[in-house]
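Participant: give me the fold of what follows.
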Amino acid sequence: MTIISRWAKSIARVLDSSFNVSTSIADHPTLLGDARESFIRDVLKRFLPSNISIGSGQVIDACGGISKQIDLIIYRNDFPTLRTFGSADVYLIEGVIATVEVKSQLNNQSLALALENGKSVRNLKPSVLGMSLNAYCEQIYQRPFDQLNTTQINSIMGLILPPTYIYAYRGYTQAGLDTLRGRLNDWYNTPNENGEQDITLMPEVICTEGCVTLKNLNNLLQLPAASGADLEACYRAFNSSQKSKRSKADFLDCFRSSSSQEFHYGIGMKTSDTPLQYLISSLLEAVISRIGYQQLGGTGIQYNLQKYHISADMEGNWSGAAVNLTQVSDPKLEFAKAHGL
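Facilitator: Residues are numbered from 1 along each chain as shown. Next up, the predicted model:
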């Protein structure tokens with residue numbers, strides 16, 4: 001077990017104790033909400049580097065888009081913030097590293113609200129310099145951005161947009177893993193609303209009382225192919241929402257190049273005594289990838305903090321949810337695979 005895993009497990013126990021104390025002395029929803037956000041905010045502040053701030057409020061883009069109210073916004077200090085006279089500020093999407101929805105109790109209703117809040121961030125449109133975007137796309141896909149197919153465009157935008165997270169003190173215990181899977185699939189499978197069958201809208205990590213989910217692009221968790229029952233659910237949800245009579249084969253052919261092609265799950269799930277370690281580990285990766293690798297003075301030698309990401313005790317025993325129909329991938333992993341890295 002790595003030092004970070006042991007630290008995260010210890011912090012999870014402290015958070016649990018702190019939350020129990022707050023619920024024993026306060027029963028007003030506002031007070032409980034402030035307490036739950038304060039606890040996790042304090043943990044993240046101690047963990048994140050000093051060039052990163054943590055606030056709350058809404059996120060905007062240059063096209064007039066605006067997110068819903070977000071519990072925690074992890075933000076780069078070298079980007080401007082639109083300060084208000086209250087506790088909620090307005091942040092530019094380009095400076096956001098990640099967002100976290102914090103819930104006292106995660107149930108079917110609060111899960112849907114948290115997913116919608118994260119989706120409102122992932123639906124924003126960051127402004128990037130066209131030359132830099134084309135250069136990156138040329139490096140990954142050997143063509144500029146405007147010549148990419150839909151899957152490649154979604155993969156690039158999934159990389160550019162900040163990851164979203166959900167952390168809950170209570171709800172969906174280890175016995176409730178399949179219930180959580182069902183709720184996630186129900187939300188994800190609805191075309192044109194909710195999850196839109198688009199894995200880029202799903203959170204990077206969901207931590208509950210006894211379960212954890214982790215995004216599974218490029219089938220990094222090596223899950224079995226999506227089951228026939230889950231593909232059937234996607235197909236039926238599409239036909240129901242669109243009032244369509246499209247056959248299952250026709251529906252799946254919209255996303256595959258041959259009838260023998262398999263689909264993978266976009267989300268991995270498992271039970272866990274200390275799911276916070278997955279959020280901390282994923283957030284460490286997000287900070288590094290969105291700010292850049294630290295290096296040794298002016299030598300150009302870069303440190304690889306990714307080795308702290310997932311330890312051996314965090315691997316294995318995953319099962320799947322949310323079929324990745326559009327086959328969105330992580331461009332960084334595509335590049336690494338193409339170059340044998």
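Participant: and the pLDDT for Ala336?
Facilitator: For Ala336, the pLDDT comes out at 80.
Participant: list the buried ones in the helix or strand containing it?
Facilitator: Ala336 belongs to helix 331-338 when elements are defined using DSSP states H and E. Of the residues in helix 331-338, those scored as buried under the neighbour-count criterion (16 or more other Cβ atoms under 10 Å) are 331, 334. Glycine gets a C-beta too; all of them are placed from N, C-alpha and C.
Participant: quick one: contacts of it?
Facilitator: Under the contact criterion Cβ atoms under 8 Å, 6 or more residues apart in numbering, helix 331-338 has outside partners 136, 139-141, 155-156, 159, 217-218, 220, 289, 341.
Participant: now, those that are in helices?
Facilitator: In helices, judged by DSSP state H, the following of the contacts of helix 331-338 are found: 136, 139-141, 155-156, 159, 289.
Participant: how much space between the most centrally placed residue in the chain and Ile52?
Facilitator: Computing the C-alpha centroid of the chain and ranking residues by Cα atoms, centre = their mean puts Glu204 first, at 2.0 Å. Note on Glu204: its distance to Ile52, by Cβ to Cβ, to the nearest Å, is 17 Å.
Participant: and what of Lys215?
Facilitator: Noted for Lys215: a distance of 21 Å to Ile52, by Cβ to Cβ.
Participant: of those two, which one has the most company?
Facilitator: Between Lys215 and Ile52, counting by other Cβ atoms under 10 Å, Lys215 is the more crowded of the two (23 against 19).
Participant: what's the helix or strand for Tyr165?
Facilitator: Take DSSP H and E as the rule and Tyr165 turns out to sit in strand 164-170.
Participant: what does the helix or strand just after that strand contact?
Facilitator: Next along the chain after strand 164-170, taking DSSP H and E as the criterion, comes helix 177-188. With Cβ under 8 Å, 6+ apart as the contact definition, helix 177-188 has outside contacts at 108, 111-112, 115, 172, 194-195, 197, 199, 202, 206, 208, 210-211, 213, 230, 233, 267, 269-271, 319, 321-322.
Participant: do that again at 6 Å, thanks
Facilitator: For helix 177-188, the external contacting residues (Cβ atoms under 6 Å, 6 or more residues apart in numbering) are 108, 111, 115, 172, 194-195, 211, 269, 271, 321-322.
Participant: equivalent analysis for stretch 168-176, please.
Facilitator: With Cβ under 6 Å, 6+ apart as the contact definition, stretch 168-176 has outside contacts at 19, 103-107, 180, 208-211, 271.
Participant: and it, how far from the chain's centre?
Facilitator: Stretch 168-176 has its average C-alpha position 19 Å from the chain's average C-alpha position, going by Cα atoms, centre = their mean, to the nearest Å.
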